[in-house]
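>>> what's the 3D shape of this:
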Amino acid sequence: MKRFTLLTLLVGFCATLQAQTVMVGGEAMYPKKDIVSNAVNSVDHTTLVAAVKAAGLVETLQGDGPFTVFAPVNDAFENLPEGTVEALLKPEAKAKLQAVLTYHVIPGVLDFKALKAKIMEGKGKAVLTTVQGAKLTFMMNGEHNILVKDAQGNVANITVYDVYQKNGVIQVIDSVLMP
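Numbers count the residues shown, from 1 in each chain. You can find the predicted model right below:
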């Protein structure tokens, strides 16, 4: 009986650790809220939130999921060639904007541990398919740093890991990924 109680406590403790509130963009991201409801509070993700709204993806990212979202910070959008963001936010570019944003989403919950395991299984590289349908490549860069390479060869660092949401997990990245 004692063994069962200890195991139950350990499982509960691990679940609590997984569901911790994480600070992103100066605001708490609550694990009981959905991806969009949390992202709108991050001052580091105002461009991403505006893009999600313009693309008509709010309802999707508030859905059941689960989703893993690689969420670029505002600086990442500012580092795109001049005029790129403005062009993508135009109503006539909605399909292209949707493609770029869904390229940042992989079905399922891929936290650091799961991504690292996939990279190790792939002998240093994991190639995963996004909701958009194209591939992203993941590689380790040290013990606790994962790089994400897009179809054009651009590389992003995951800067904040494992921001658990009610419908998935957010991994904050420092570059916009392009299909």
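
>>> residues contacting Thr159?
Going by Cβ atoms under 8 Å, 6 or more residues apart in numbering, Thr159 touches 73, 172-174. C-beta: built from backbone N, CA, C; applies to glycine.

>>> Would you mind listing where this structure has pLDDT under the threshold?
1-19, 23, 25-28, 30 (pLDDT under 70).

>>> what are the ranges of the strands in it?
22-24, 27-29, 67-72, 105-107, 126-129, 135-140, 146-149, 155-165, 168-173 (DSSP state E).

>>> on that earlier part again, which single one of the contacts of Thr159 is nearest to Lys135?
Ile173 (16.1 Å; Cβ to Cβ).

>>> Was I right to think the closest one contacts Val73?
Yes: applying Cβ atoms under 8 Å as the test, Ile173 and Val73 come out as touching, 7.5 Å apart.

>>> Contacts only, for Thr102.
With Cβ under 8 Å, 6+ apart, Thr102 has these contacts: 57, 130-132.

>>> picking up where we left off before, out of the contacts of Thr159, who's nearest Met139?
Ile173 (13.7 Å).

>>> And the spatially closest residue to that closest one that is not a sequence neighbour, how far from Val176?
Among residues not flanking Ile173 along the chain, Ala156 sits closest, at 4.1 Å (Cβ to Cβ, 6 or more residues apart in numbering). Counting by Cβ to Cβ, to the nearest Å, the gap from Ala156 to Val176 is 8 Å.

>>> Neighbour count: the two, which is higher?
In this view Ala156 and Val176 are compared by other Cβ atoms under 10 Å, and Val176 has more residues nearby, 26 against 22.

>>> For Ala39, see how far away that one is.
From Val176 to Ala39 the distance is 15 Å (Cβ to Cβ).

>>> before we move on, what about Thr46?
9 Å.

>>> Between the two, point out the one with more neighbours.
Ala39 (26 against 15).

>>> Surely that one and Thr47 touch.
No: counting by Cβ under 8 Å, Ala39 sits too far from Thr47 to count as a contact (10.9 Å).

>>> And for Phe112, the neighbour number?
Using other Cβ under 10 Å, Phe112 is surrounded by 15 other residues.

>>> number of nearby residues for the residue nearest to it when sequence neighbours are not counted?
Once flanking residues are discounted, Phe112 sits nearest to Tyr161: 4.5 Å by Cβ to Cβ, 6+ apart. Look at Tyr161: counted by other Cβ under 10 Å, it has 17 neighbours.
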